[in-house]
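K.L.:
Here is a sequence together with a model predicted from it:
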Amino acid sequence: MKAFEITATLLASLAWPMVVVFLVIVFRKPIKDLAIHDPRRRSLRRAKVGPVEVEWGSLEEARSEAAAEKADEPPQPAPKTSPGRLADLLALAEQHPTAAVVLARQKLEHGLARALKNNGITPPHWGIYQMIGAVHSRALVSEGTVKVLHSLRNVGNEVLHMEGAVVTPARAVEYVTTAEEILLKLAAVSNHADASA
């Protein structure tokens, strides 16, 4: 009787994964068509599997909000030095899009840390979330820039931590380009603090 209970429990716990695998196999073509970007129709913007959710659309929306806010902001002084332009990552995005996103996210973390440090805030082993909160609470960047930073953080986290995450070259280029725009803003904040000191 015990062997029967163990077998029944095992089958019950494996039932839904087997159904999911079966459905993926049966509907692989429509799923693939949804995931591939086609300019003639809307592309996949959001996917959720269990507790993991990926949303590329939020990055695009946050970027357009930041662009609208940028029109209202006074012009920032040009940075004295380049923040490590990401042209090399744009080339990498074509061949290794996931690596380009991970490296761009890392450069964002360094840019945030530099902006905080140059404004008298030493982040003691802070993660990107805490650094975004610090630049936001001290009003070093606009609300729109904070939204873009959070979107970049979310997408970067999904790429880093979601097993089997697939990043297309086009999405990687979009991520790197947005990260470069934010790095320029962070460099302006850093250089403005240097000029004040």
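P.N.:
Great, that's in hand.

K.L.:
So which helix or strand of the chain has the lowest pLDDT on average?
P.N.:
Least confident helix or strand of the chain, by mean pLDDT, DSSP states H and E, is strand 52-55 with a mean of 57.

K.L.:
Surely V155 and E174 touch.
P.N.:
No: between V155 and E174 there is no contact under Cβ atoms under 8 Å: 9.5 Å. No exception for glycine: its C-beta is placed from N, CA and C like everyone else's.

K.L.:
Which one's more surrounded, these two?
P.N.:
V155 (25 against 18; other Cβ atoms under 10 Å).

K.L.:
Kindly confirm my reading that the more buried one is in a strand.
P.N.:
No: with DSSP: H, G, I helix; E, B strand; the rest coil as the criterion, V155 is located in helix rather than a strand.

K.L.:
Quick check: it vs E109, distance?
P.N.:
14 Å (Cβ to Cβ, to the nearest Å).

K.L.:
E143 now?
P.N.:
21 Å.

K.L.:
Could I get the full set of helices for the protein?
P.N.:
Taking DSSP state H as the test, the helices found in the chain are 2-26, 28-35, 57-72, 87-95, 97-118, 128-137, 143-161, 169-196.

K.L.:
Now the fifth one: buried residues?
P.N.:
When neighbours are counted by 16 or more other Cβ atoms under 10 Å, the buried residues of helix 97-118 are found to be 97-98, 100-105, 107-109, 111-116, 118.

K.L.:
Same question for the first one.
P.N.:
By neighbour count, with 16+ other Cβ under 10 Å as the criterion, helix 2-26 contains no buried position.

K.L.:
For L86, which non-adjacent residue is spatially closest?
P.N.:
Here the nearest residue to L86 in space, its sequence neighbours aside, is E180; by Cβ to Cβ, 6 or more residues apart in numbering that works out to 4.5 Å.
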